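Colleague: Predicted model and sequence follow; I will ask about them next.
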Amino acid sequence: MIADLGIVFGRVLFVMMFMLNLGGILTWVERKQSAIMQDRIGANRASIRIPLIGVRLRILGLLHPLADAIKMLTKEDFMPARADRFLFSLAPFVSVFFALTAFASIPFGDTLRVGDRVIPLQAVTLNVGVLYVFAMLSLGVYGVMMAGWASANNFALLGGQRAAALMISAEIAIGASIMGVVMVYGSLDLQDIVRGQGHPLFPQIFGEWIPAWGIVTQPLAFLLFLTAGIAATKRIPFDMPEGESEIIGYFVEYSGMKFGMFAMADFLETVVIAGMTTALFLGGWQVPYLQPDGFHFPWGAVATLPQVLVALLQVGAFVVKVCVMIFVMMLVRWTLPRFRYDQAMRLGWLGLFPLSILNIVLTGIALLLAGGPA
Amino acid sequence: MNLGQRFYLREVVAGVALTAGHFFRNMGKHIAHALGRKDARGAVTIQYPEERRPYSPRLRTLHRLVRREDGSPRCVACMMCETVCPARCIYIVATEHPNPEIEKMPERFDIDLGKCVFCGYCVEACPEDAIRMDTGILEFSSYSRLGMIYTKETLLALEPATADGKPTSPVPIPATRTV
């Protein structure tokens, strides 16, 4: 009983720490990656002096997130006189909470066998995991709308209203593009979807060579999901709710750590979208040709591995894939100019939405011809 | 816009390829630099207080008063620079020079650098070549207006910069500065 509780706690703790640490480090990644893309060095001045030796530790600017946190915690926590005090304080917590919980049902590994126990490597095992992540992502926008409404500021209200509009237009595309994946793998459970991506694609034609990852079976859905997912993170090129260059956005009245929490929520959402993309399209924790008992290469070679090592490899593969997806999303964020509000709406409703419906139809026809889900 | 551009995806891929190319090229150079190849530079950044870009020798920087061999100022207090100064930031009080062959010398020679516009007219106007703007010093700042007034003694102590504009004197702190 105690052991069961400990295992559940450990699973949740792993996901929680993964999210929070990655979210914190992303501020550093954002600064450094953009700097290197633009032939600069990036923030590297924050330092800690070791007392007796007198050496200044900079460690590539990794102390900047720490300095940011200290700065934000010690700043004045301003609240406008006419603001709704309760909602104003609640809004950043709502934003961060739903961004954090969204990751819970994304599997970071298959199963770990310790003795006769079988531990699923997933914070929460849900048979409707896709819907859960989707629901948590959409609830996150409530924090933004709340902030916009409670600030008693017209620009904040505009930002909140834009966030709602953007969320709806992005969400429809997200939901509709996931449909194709759900049709192919025949399940709403993210663990089942990831397991399904371990099977070989068309064994009659390609043999065992190509694993049926979502990006191979659903390339159009991958593009649509990624685009809509980037829109859901509210970052450039889809930064209408923030709109630093026009309206300052829903957090215009926020200062100190509450403002920091909104920034944090953006990064956490980036991690969630990267995790979702990995689970749905990049094979989740799948390592090519790795079966539960070791590697089975298509040319016939077999390398058996202990179960713990297999589980470790899978978790490692998941983390690497998530990091690659985050890199790609950062690359997009620092490459593209921002959309105008109406352009984003047009892209969502006249571009992504019809295309994802088309993808469902095409997937249906293809499944009919191929004879059932893969 | 043609169809390819309106579809947007091709342009996005081209843009991302460009920035990703920059990222990986610079990253490779950074790693090579860390591994000991000191000629590989991944960034064009000059890390300012430690590194400086060379200044042009013609750059007008903080003034200095040229000294005679005995250390007294070459200035004869003719008031040409004070007259020509468009910002009116030079204040001169004249006095007798101990050497009877030299008519006058400044008793006070103050430049209010809070007003100076660095036009260089004072250098142009000087008939004795007694004031120059070649110290290479640009980093003078103060918390008060009084702290920007540089006196004769401070200006006399300055040396010219090297050929690539590196200052040879330390940044002077005027005696009037309190904060």
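Modeller: Arrived safely, thanks for sending. Just so it is clear, the model here is predicted, and its values are computed rather than measured. Residues are numbered from 1 along each chain as shown, chains lettered A, B, ... in the order given.

Colleague: Show me the contact partners of stretch A:118-129.
Modeller: Here stretch A:118-129 makes contact (CB atoms under 8 Å, 6 or more residues apart in numbering or on different chains) with A:7, A:11-12, A:14-16, A:103-113, A:132, A:187-191, A:285, A:311, A:314-315. The way it works is simple: take the backbone N, C-alpha and C, and place the C-beta from them, glycine included.

Colleague: For residue 109, which residues are in contact?
Modeller: Unless you meant another one, I'm taking chain A. Per CB under 8 Å, 6+ apart, neighbours of A:G109: A:121-122, A:285, A:311, A:314-315, A:318.

Colleague: sorry, should have said chain B
Modeller: B:65, B:73, B:75, B:77, B:90-92, B:151-152, B:155.

Colleague: can you give me phi and psi for B:C89?
Modeller: When read as degrees, to the nearest 10, the backbone of B:C89 gives phi -110, psi 0.

Colleague: Could you tell me which residues make contact with the residue nearest to it when sequence neighbours are not counted?
Modeller: Closest residue to B:C89 apart from its sequence neighbours, by CB to CB, 6 or more residues apart in numbering or on different chains: B:K115 at 3.8 Å. Residues in contact with B:K115 (CB under 8 Å, 6+ apart) are B:87-89.

Colleague: Tell me the first helix or strand C-terminal of the lowest-mean-pLDDT helix or strand in chain A.
Modeller: The least trusted helix or strand in chain A, going by mean pLDDT, DSSP states H and E, turns out to be helix A:203-206, with a mean of 76. Once helix A:203-206 ends, the next helix or strand along the chain (criterion: DSSP states H and E) is helix A:214-217.

Colleague: buried ones in that next one?
Modeller: By 16 or more other CB atoms under 10 Å in any protein chain shown, the buried positions in helix A:214-217 come out as A:214-215, A:217.

Colleague: Is the nearest residue to A:E242 once chain neighbours are set aside within a helix or a strand, and which one?
Modeller: Of all residues beyond its chain neighbours, the one nearest A:E242 is A:G249 (4.0 Å), with distances taken as CB to CB, 6+ apart. Using DSSP H and E, A:G249 falls within no helix or strand.

Colleague: do the same with B:I111
Modeller: strand B:104-112.

Colleague: pLDDT (mean, whole number) over that strand?
Modeller: Confidence over strand B:104-112 (mean pLDDT, whole number) is 93.

Colleague: Give me the pLDDT value at the closest residue to A:G61 other than its chain neighbours.
Modeller: Spatially, and ignoring its direct neighbours in sequence, A:G61 is nearest to A:N44 (4.1 Å; CB to CB, 6+ apart). Per-residue confidence (pLDDT) for A:N44: 88.

Colleague: pretty sure A:N44 contacts A:L62?
Modeller: No - shown here, A:N44 and A:L62 do not form a contact pair, counting by CB atoms under 8 Å, at 9.4 Å.

Colleague: More neighbours: those two, which one.
Modeller: Comparing A:N44 with A:L62 by other CB atoms under 10 Å in any protein chain shown, the one with more neighbours is A:N44, at 18 against 15.

Colleague: Just confirm that one is within a helix.
Modeller: No - under the criterion used here (DSSP: H, G, I helix; E, B strand; the rest coil), A:N44 is coil, not part of a helix.

Colleague: Relative to B:T45, how far out is it?
Modeller: 10 Å (CB to CB, to the nearest Å).

Colleague: check contacts around the residue in the stretch 201-350 of chain A positioned nearest to chain B.
Modeller: Chain B sits closest to A:T335 of the stretch 201-350 of chain A, with a gap of 4.5 Å, by CB to the nearest CB. Residues near A:T335 by CB under 8 Å, 6+ apart: A:37, B:12, B:15-16, B:18-19.

Colleague: Kindly give a single PyMOL line that selects the buried subset of these.
Modeller: The buried residues among these can be selected in PyMOL (16+ other CB under 10 Å) with this line:
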select buried, (chain A and resi 37) or (chain B and resi 12+16+19)
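
Colleague: Please identify which pair of the contacts of A:T335 lies farthest apart.
Modeller: A:M37 and B:V12 (15.2 Å; CB to CB).

Colleague: Geometrically speaking, which residue is the centre of chain B?
Modeller: B:L138 (3.0 Å; CA atoms, centre = their mean).

Colleague: Tell me who's in contact with that residue.
Modeller: Per CB under 8 Å, 6+ apart, neighbours of B:L138: B:61-62.
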